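In: Sequence plus predicted model, see below.
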Amino acid sequence: MRALAAFADWPHLLPALFLLPLAGAALLPALLRTRPAVAWASALAVALATTMLAVLALVRLLGDGDYGYAMAGWAPPLGIELRYDRLSAITLLTGALVSLALLFARREMTGAGRRQAVLYCSLVLILLGGMNGFVITADLFNLFVFMELLSLPAYALVAMSPARGAALAALKYLLPGAVSSLLVLFGIGVLHALTGSLNMADVAVRLTPGGPSPATVLALVLISVGLLVKAALFPLHFWLPDAHSAAPGPVSALLSGLVVKMGVVGVVRMFDVFGPALGGAMQAFENLLLILGVLAILTGALAALVQHELKRMLAWSTVANIGYIFVGLGLAGSAAVSGGIAHVFYHGLTKAGLFLAAAALVERTGLHDIDDLRGLGHRMPLAATALSAGLIAVAGVPPTAGFVGKWQIALGALEAGRPELLVVVLGGALLALAYGMRVINALFFRAPVSDQVVTASEAPASMLVPSVLLVALALAGGLSGARVIEFILPFAESLGGR
Amino acid sequence: MGAELLDARPALALLVSATGAGLIMLIGYRARLRAWLAVGAAVLKFVIVWSMLPGVLAGQVYGLTLFEVLPGLALELRVDALGLFFALVSSTLWIPATIYALAYMRGRQGQRRFFSFFALCVATTVGIAFAENLLTLFVFYELLTVCTYPLVIHEGGLAARRAGRRYLIYTLSGGALILTGMVVVQHLAGTLSLSGTGILDSIDNHAALLAIFVLLVAGFGVKAAIMPLHSWLPAAMVAPVPVSALLHAVAVVKAGVFGLMRVVYNVFGVEHMRVLGFAGYLGLLAGFTILAASVIALRQHNLKRLLAWSTISQLSYIVLAISLLTPAATLAGIIHLANQAFAKITMFFAAGAIQRATGKTRIDELDGIGRQLPAVMASFTVAGLSFIGVPLLAGFITKWYLSLGALQAGSGGYMVVLALSGLLNAAYWLPILYRAWFKPPAGVAAAGNTSPLAGSAALSPMMLVPLLICAAYVLLLGVGAEAPAMPFVLAEAAVRLVFGLPGPAP
């Protein structure tokens, strides 16, 4: 631990977190275009190194508390500042772990040629760099840049799929994404006009004297609508089921597990920027998030219950879980917020594992419908077990991963004096269990109906290892939920200048 | 009270059956190996659980923290008298049930899965028994649901799947209610611990307390099959006989009842409960269930379904005992955990033996079956008489203390309910006994080759011996309840803990 702490004192740790993957992403296609195997190994090495950096940054945080970094030596309000806090830590770690798993699974880019394999690795690394930058930047314009940096590879990854309809799905994903980016940019512009600054903390200070002026509210609306499209909060989720189910397996895992969570992180950052200025008006915003979150839970869970396609069902389940996160944020008590943020972490791991396992089942058989996959549990026991365990975890059966966040959110609802929300929180979990059981039933307890199932064999290790590991991590994470919650609580308590 | 001791045995007891289950799933491809694994795990667990008995009787408490799932809320095990009583009953019955199941399931499909989940279920039951807090109890309670599901639908087919779905809908909804109640308790009391006698004493909010009571009782009431939450149980009788026997006489339904006990005795505490007065309603519901389920049982034609309805009625004896909140009634409730389990498992074993030997499942086919399968029917008779409440059998002890408890509580009216229930029990058990012993076997003349002993000869001793042992235990529980190795002393210790009474010198 002490040796680690020595490394963690390296001053340029924070910029390295996004520069390393971005440099890797640029060099891979340039140098190793014709040697996909080497490119893959190098991408894996870069992702591994980034994970190590994330761990080092965490070690330093545990020692010194939150810390910042001035890019190129320019002091904060003028220069670009990076800030590493507990929210950054937890999302960085999720991102690094999931990306590692996805790079490992790259062989399953079915139909992708050798050159595309290199491209895939490169895009994932860009996405990783974008995410890392996004969660540690303390500068509004920089936030926008990183948001674009992580969105563009996401569109490209959906479009890369050889499946029919992939291009259309990518377009459906791109259009709302592009519009939302513009909204965010416009909002940031309004803020800059109001305050003359782009540093988040500085903007917050300068906005405060003006109080809840119409311009400030406009900026909040623009930025949050833009971010909520990225986060796919009901009713801005319309693009998600198509995009997430049409993408190739590992890409869906990336999108559902991580990319939507970046919208959540963005909204959380806005609490700090607008909280002091808007004061009471912020409560209306939180209430709105709460109501939308409730609606998202109900719509997502009910829609997931009636889906025929496995991956589409998982996509709807993401809509519901995003709802949980926003119910937690909207309740605004420290228990609820910590639950919401813990859910970002746990749902990220679980959903990525679920999509990988689902991709293994779907791509080994070529069947998409849950009913067609009947009996596959006996042919592909490991992948099917990973999927089943993930479904139970995502429903939040204690003591699995999904339970920790939901429990804290339920407690937060009581603390806020809103016991009626318990019905939604627990009802949503029950519905999640219902759609989970439907899949488990089909996989293990029904006789096969299709030839592809009878002749299927277990998925290759490149696919099994990451999905099993992610699900196992999610399960183990649930058992040590106390530590995760205790880690997040200081952040939750200080959010929004409370 | 004795000291709290850190001890690995509670976790070991869990691990033994969980490991057994894992091994059966992974390597239990050969029948002989599977049998050894199943029986070995059962015996080992039996030894571990019984080894804690002397310590617990001396007032010792064994505890172990496993994981901290949430701040201040861990998965934690703790062995007290009440928990040990439940664990003893289930781990004792697991051995005969496993041996019986080995014989009963011979030659059927999916045995690896069957025995694996069979072992897991008992592991979770012990987890429920040894849970230190509501969260731990709930985790194992839900696991039990998940593990029994494959057993309920084991036979496959439409009826089994329908029953399985109903089972899941009922139990998982019950689970959601419990979880809701738990969140409220955690919010108000700041703890979910079950190691004291009441954690809600300081709460003054009557509406919230009522909400907690309703949520938790309704949640656990599903598995305890309190009417109107009972309808999953008769449907679940599509499961193979050993499953119905172990799970619907011991593990699942008793988990519900045990949960109720924990709620009343450890979450609220008897004193607080008495002040609040909620338990009276529960008592009325239980009284209604006792009678209504018996009346429905009168009209059953299928032996297993009759057993299911009788289970519903008998479980509410325990629920009634819980609601009376007096020491004698509590004692009756705890003892009935064992009495009902042994008697009902005897009957299920007998029903399975009859089905296996003769293929008969309907009551009106049982004419003269006593001559054909004398040992089986003798055991069945012992259990039936015990349910009617004939003295010197286990059921009598329950009724005696329950009546005593009702009088102590000033609710003498329940004695009428008990008397009526005894009559109803007689009304549905005696005709079966009459048919079996005194009517000539139907169709003997027609099917001349059926010699009186053919059935018994076909019956494997692995089915017969567990049956006889359980029947003998029903006798023993009635005659020698006070003997040193019997659970009665332990039940008394549990009652002392619940009521905070001073114990006799250990």
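Out: Sure, I can see it. Numbers count the residues shown, from 1 in each chain, chains lettered A, B, ... in the order given.

In: can you list the residues of chain A near chain B?
Out: Residues of chain A found near chain B (CB under 8 Å from any CB of the partner chain) are A:392, A:397-399, A:403-404, A:407-408, A:410-411, A:414-415, A:419, A:422-423, A:426-427, A:429-430, A:433-434, A:437, A:441, A:444-445, A:447, A:478-483, A:485-486, A:489. Backbone N, C-alpha and C define where each C-beta goes, glycine included.

In: Okay, and which of the residues you listed map to helices?
Out: A:392, A:403-404, A:407-408, A:410-411, A:414-415, A:422-423, A:426-427, A:429-430, A:433-434, A:437, A:441, A:444-445, A:478-479, A:481-483, A:485-486, A:489 (DSSP state H).

In: what's the pLDDT at residue 81?
Out: Reading this off chain A. You'll see residue A:81 listed with a pLDDT of 86.

In: try again with chain B
Out: For residue B:81, the pLDDT comes out at 84.

In: Run through the residues that contact it.
Out: Residue B:81 makes contacts with B:56-57, B:490-491, B:493-494, B:496-497, as judged by CB atoms under 8 Å, 6 or more residues apart in numbering or on different chains.

In: ok, how many other residues are close to residue 273?
Out: I went with chain A, as the question did not name one. Residue A:273: 24 surrounding residues under other CB atoms under 10 Å in any protein chain shown.

In: nope, chain B please
Out: By other CB under 10 Å, the residues close to residue B:273 number 23.

In: quick check, it in a helix?
Out: Yes. Counting by DSSP: H, G, I helix; E, B strand; the rest coil, residue B:273 falls inside a helix.

In: Which residue ranges of the chain form strands?
Out: Unless you meant another one, I'm taking chain A. A:67-70, A:81-84 (DSSP state E).

In: my question was about chain B
Out: B:4-6, B:61-70, B:73-79.

In: lowest-pLDDT helix or strand in the chain?
Out: I went with chain A, as the question did not name one. Lowest on mean pLDDT, DSSP states H and E among the helices and strands of chain A sits helix A:2-8, with a mean of 67.

In: that answer is for a different chain, and I need it for chain B
Out: Least confident element among the helices and strands of chain B, by mean pLDDT, DSSP H and E: helix B:454-458 (a mean of 53).

In: Run a quick neighbour tally on the residue in the stretch 351-500 of chain B that chain A sits nearest to.
Out: Using CB to the nearest CB, residue B:352 is the residue of the stretch 351-500 of chain B that sits closest to chain A, at 23.0 Å. Per other CB under 10 Å, the neighbour tally for residue B:352 reads 25.

In: Can you tell me how far it is from residue B:42?
Out: 18 Å (CB to CB, to the nearest Å).

In: cool, and residue B:264?
Out: Separation of residue B:264 from residue B:42 (CB to CB): 31 Å.

In: out of those two, which sits in the more crowded spot?
Out: Set residue B:264 next to residue B:42 and count neighbours by other CB under 10 Å: residue B:264 wins out with 28 against 25.

In: wait, isn't the more buried one in contact with residue B:273?
Out: Yes. Counting by CB atoms under 8 Å, residue B:273 is a contact partner of residue B:264 at 5.7 Å.

In: can you list residues touching both of those two?
Out: Here residue B:264 and residue B:273 share the contacting residues B:279, B:325, scored by CB under 8 Å, 6+ apart.

In: Nearest to chain A: which residue in the stretch 251-400 of chain B?
Out: Evaluated by CB to the nearest CB, the stretch 251-400 of chain B has residue B:259 as its residue closest to chain A, separated by 14.8 Å.

In: Can you pull up the most central residue in chain A?
Out: Taking CA atoms, centre = their mean, the centroid of chain A lies closest to residue A:258, which sits 2.4 Å from it.

In: wait, what's in contact with it?
Out: Listed by CB under 8 Å, 6+ apart, the contact partners of residue A:258 are A:94-95, A:98-99, A:127, A:131, A:348, A:352.

In: Tell me which of the residues you listed fall in helices.
Out: Among the contacts of residue A:258, the residues falling in helices (DSSP H) are A:94-95, A:98-99, A:127, A:131, A:348, A:352.

In: The contacts of residue B:81 also near chain A: which ones?
Out: Among those, not one lies near chain A by CB under 8 Å from any CB.

In: Among the residues you listed, which ones are in helices?
Out: B:56-57, B:490-491, B:493-494, B:496-497.

In: Could you export those residues as JSON lines, including pLDDT and neighbour count?
Out: Below are the ones in helices among the contacts of residue B:81 laid out as JSON lines (pLDDT from 0 to 100; neighbours: other CB atoms under 10 Å in any protein chain shown):
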{"residue": "B:56", "pLDDT": "80", "neighbour count": "22"}
{"residue": "B:57", "pLDDT": "79", "neighbour count": "18"}
{"residue": "B:490", "pLDDT": "80", "neighbour count": "20"}
{"residue": "B:491", "pLDDT": "80", "neighbour count": "24"}
{"residue": "B:493", "pLDDT": "79", "neighbour count": "23"}
{"residue": "B:494", "pLDDT": "80", "neighbour count": "26"}
{"residue": "B:496", "pLDDT": "80", "neighbour count": "19"}
{"residue": "B:497", "pLDDT": "79", "neighbour count": "21"}
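
In: Among the residues you listed, pick out the one closest to residue B:343, please.
Out: residue B:491 (16.4 Å; CB to CB).

In: count of neighbours near the closest residue to the closest one other than its chain neighbours?
Out: Of all residues not flanking residue B:491 in the chain, residue B:334 sits nearest, at 4.3 Å (CB to CB, 6 or more residues apart in numbering or on different chains). Applying other CB under 10 Å, we find 33 residues neighbouring residue B:334.

In: tell me the contacts of residue B:334?
Out: By CB under 8 Å, 6+ apart, residue B:334 lies in contact with B:82, B:85, B:261, B:491, B:494-495.

In: change it to 6 Å
Out: By CB atoms under 6 Å, 6 or more residues apart in numbering or on different chains, the contact list for residue B:334 reads B:85, B:491, B:494.

In: That one and residue B:267, how far apart?
Out: As defined by CB to CB, residue B:334 lies at a distance of 17 Å from residue B:267.

In: what's the answer for residue A:134, then?
Out: Using CB to CB, residue A:134 is found at 46 Å from residue B:267.

In: Within range of chain A, give me the residues from the stretch 51-200 of chain B.
Out: Contact residues (CB under 6 Å from any CB of the partner chain) of the stretch 51-200 of chain B with chain A: B:67-71, B:139, B:142, B:153, B:172, B:176, B:179-180, B:183, B:187.

In: Mind giving me the ChimeraX command for buried ones among those?
Out: Per 16 or more other CB atoms under 10 Å in any protein chain shown, the buried members of those correspond to this ChimeraX selection:
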select /B:68,69,70,71,139,142,153,172,176,179,180,183,187
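
In: Among the residues of the stretch 51-200 of chain B next to chain A, which ones are in helices?
Out: B:139, B:142, B:172, B:176, B:179-180, B:183, B:187.

In: So residue A:484 sits against residue A:343, correct?
Out: No. Applying CB atoms under 6 Å as the test, residue A:484 and residue A:343 come out as separate, 10.3 Å apart.

In: ok, the two, which is more surrounded?
Out: Set residue A:484 next to residue A:343 and count neighbours by other CB under 10 Å: residue A:343 wins out with 29 against 23.

In: List the residues that contact the more buried one.
Out: A:324-325, A:405.

In: nearest spatial neighbour of the residue nearest to the spatial centre of chain B, skipping sequence neighbours?
Out: For chain B, the residue nearest the mean C-alpha position is residue B:250 (2.7 Å; CA atoms, centre = their mean). Of all residues not flanking residue B:250 in the chain, residue B:341 sits nearest, at 4.9 Å (CB to CB, 6+ apart).
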